[in-house]
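A.B. asks: model this:
(one chain, ligands or ions: 2)
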Amino acid sequence: MTTTAITNIGSLVTNDPALGDGSLLGLLTDAAVVLDGEKIAWVGPAAKAPAADESHDAQGRAAIPGFVDSHSHLVFAGDRTQEFNARMSGRAYSAGGIRTTVAATRAASDAELEANVRHYLREALRQGTTTFETKSGYGLTTEDEARALRIAARHTDEVTFMGAHIVSPDYAEDPAAYVDLVTGEMLNACAPHARWIDVFCEKGAFDGDQARAILTAGKAKGLHPRIHANQLSYGPGVQLAVELDAASADHCTHLTDADVDALANSNTVATLLPGAEFSTRAEWPDARRILDAGATVALSTDCNPGSSFTSSVPFCIALAVRDMGMTPDEAIWSATAGGAAALRRTDVGFVREGARADLALLDAPSHVHLAYRPGVPLVSEVWQRGRRRV
Ligand code: NIG
Ligand code: FE
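C.D. replies: Ligands and ions are numbered 1, 2, ... in the order given. You can find the predicted model right below:
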C-alpha cells in the first residue's frame, strides 16, 4: 500500500487533546499527517514525520478532519422554491410542505433520484464533508421507501429509514393504519437496507406514543433510533430519545430545562441544524445552554428541499457561531467529532492514528476562518479514505 505524507500543515485540528496543545481541538502547529491506504498511520510535528512513498505540501494551510454531516435528506426530486419565496414573504413553515416533495419523489425515476444524490454529495464533498448520513422519508409507501434506502446505501453506510416523516397523504383519514404499515410491512422491507430509524415527532407529524411505537418496532428489527425532536414546538421528542437511548435528538430548538438535563445525563447527542432555522426564519436553538449543561452537541446541515436547502457545513458553522452562542472551536468540533458521536462512530471526525484518512485543507491559516470568513469557499482540498477527491 502507498503511504502519503501531507507535510507543512500550518495548523491542524486533530480533535484529540492528547495529540495537540491539550485543547478541545487538539491543535498542532507545523504538523504532518501520514496516510496509509484508507487510514491515518501517523500524526505529529512535521519535523518528526517518518518517510513516506509520496509527499504532498500543504503550503502552510490549516487542516481539519473531514466534516461528518450526521443529518441529511438527500433522496428527493424537485425543489420548493415557491414555498421558500412564500416564507420569505411572511408565511410560516409547516410540515405539510413535505407532501410536495413526496409527490415529486414518487414520480421520479431511479436514475433521477440517483443523479440527485450524486449531485448534492459532490456539492457537500467540495465543502469538506467526507462522511454523511441520509434518510428516506419522501416516498411513504413500502416500495418508495425501500427504493430510497437502496439508492442511499450505494453512497453511505449511514442510512436511515424514515417512513415516519409525516403520515402518508394516502392515510390522511386513518393515521393509526399508517403507523401499522410503517411498523409492519414497510419496516420489514426497509430494515435490511438501513442502520437507523428516525421519526418526526411533532404536531402535524407523529405524537410521542406513535413515535415510541415506531422506534421500538425498529429496534426489534435491529435498527438504532434517532429522532427529529422539538423542532417546531415543545414536545416529548427529546425525552423519548433519551428513554430509548437514541444516538441523537435532532433540531432541539424548543427545550425545557428538563429536556436539557435529560440530554446532559445521557448518551444521546443534541444535533443542531441551523440551516433549518435560517431557512424557516425560526428562533435559533440555544447551543450555549445545551453545552453549558454538559450535553454533547453535533452540528449538521439537514440538507433537504423544504426546511434547509444547504449542503454546506461551513455555512452552518458560521450560523452557529454568530447566532447560537458557540465558539468557533466548539462549532468545528461539533461538525466533526460531534457528528461522529451522533453516528456512534470513533473512526471518523478525528485526525489520529487508525482513523479514516479524511481531511479538509483550508485556504486559511486557521480553522477559525471558517466562522470568521462566512460564505467564502475556504475548503481548497479534500482527502477521503486516503484519496484526494477535491
Ligand atoms: O428535518 N422536520 C422534518 N423534516 C425535515 C424537513 C423536511 C421538509 O420540509 O421537506 C427537517 O427539517
Ligand atoms: Fe431533518
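A.B. asks: touching ligand 1 at all, stretch 96-112?
C.D. replies: Yes: Stretch 96-112 comes into contact with ligand 1 (Cβ under 6 Å from any ligand atom), by way of 97, 98, 101. Placement of C-beta: from N, CA and C, glycine included.
A.B. asks: ok but residue 226 is inside a helix, no?
C.D. replies: No: using DSSP: H, G, I helix; E, B strand; the rest coil, the secondary structure at residue 226 is strand, not a helix.
A.B. asks: Show me the residues of stretch 96-112 next to ligand 1 that map onto helices.
C.D. replies: Counting by DSSP state H, the residues of stretch 96-112 next to ligand 1 place 98, 101 in helices.
A.B. asks: Now rank the residues of stretch 96-112 next to ligand 1 by neighbours and give me the top one.
C.D. replies: residue 98 (24 neighbours; other Cβ atoms under 10 Å).
A.B. asks: excluding its backbone neighbours, what's nearest it?
C.D. replies: Residue nearest to residue 98 in three dimensions, not counting chain neighbours: residue 166, with 5.0 Å by Cβ to Cβ, 6 or more residues apart in numbering.
A.B. asks: from what I can see the one you found touches residue 99, true?
C.D. replies: Yes: using Cβ atoms under 8 Å as the test, residue 166 is close enough to residue 99 to be in contact (7.1 Å).
A.B. asks: The two: which is more packed in?
C.D. replies: residue 166 (23 against 16).
A.B. asks: Contacts only, for that one.
C.D. replies: When contacts are counted by Cβ atoms under 8 Å, 6 or more residues apart in numbering, residue 166 touches 95, 96, 98, 99, 102, 140, 200, 204, 205.
A.B. asks: let's go with 6 Å and repeat that
C.D. replies: 95, 98, 205 (Cβ atoms under 6 Å, 6 or more residues apart in numbering).
A.B. asks: sorry, back to before: pLDDT-wise, what's the bottom of the residues of stretch 96-112 next to ligand 1?
C.D. replies: Lowest pLDDT of the residues of stretch 96-112 next to ligand 1: residue 97, 93.
A.B. asks: Quick check: pLDDT value at the nearest residue to residue 20 once chain neighbours are set aside.
C.D. replies: In space, residue 20 comes closest to residue 26 once its chain neighbours are excluded; the distance is 3.5 Å by Cβ to Cβ, 6+ apart. The per-residue pLDDT reported for residue 26 equals 97.
A.B. asks: Run a quick neighbour tally on residue 26.
C.D. replies: 22.
A.B. asks: For the closest residue to ligand 1 within the stretch 201-350 of the chain, which three-state class applies?
C.D. replies: Residue of the stretch 201-350 of the chain nearest ligand 1, by Cβ to the nearest ligand atom: residue 306 (2.3 Å). Here residue 306 is coil, with the state taken from three-state DSSP.
A.B. asks: That one: neighbouring residues, count only.
C.D. replies: 26.
A.B. asks: As JSON lines, the residues of stretch 96-112 next to ligand 1 with distance to residue 183 would be great.
C.D. replies: Listed next are those as JSON lines, based on distance: Cβ to Cβ, whole Å:
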{"residue": "97", "distance to residue 183": "25"}
{"residue": "98", "distance to residue 183": "20"}
{"residue": "101", "distance to residue 183": "23"}
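A.B. asks: is it true that residue 326 touches residue 320?
C.D. replies: Yes: between residue 326 and residue 320 there is a contact under Cβ atoms under 6 Å: 4.5 Å.
A.B. asks: The helix or strand harbouring residue 341: which residues count as buried?
C.D. replies: Using DSSP states H and E, residue 341 falls within helix 339-342. Neighbour counts using 16 or more other Cβ atoms under 10 Å place 339, 340, 341, 342 of helix 339-342 among the buried residues.
A.B. asks: Look up how far residue 355 lies from the last one.
C.D. replies: Counting by Cβ to Cβ, to the nearest Å, the separation of residue 342 from residue 355 is 17 Å.
A.B. asks: care to break this structure down by domain?
C.D. replies: Using automatic domain parsing, the domain ranges for the chain come out as 3-66+350-388, 68-342.
A.B. asks: Point out the most buried one among these.
C.D. replies: domain 68-342 (a mean of 21; mean count of other Cβ atoms under 10 Å).
A.B. asks: Check what pLDDT the closest residue to residue 278 other than its chain neighbours gets.
C.D. replies: With sequence-adjacent residues excluded and distances taken as Cβ to Cβ, 6+ apart, residue 278 is closest to residue 319, at 5.9 Å. Residue 319 carries a pLDDT value of 98.
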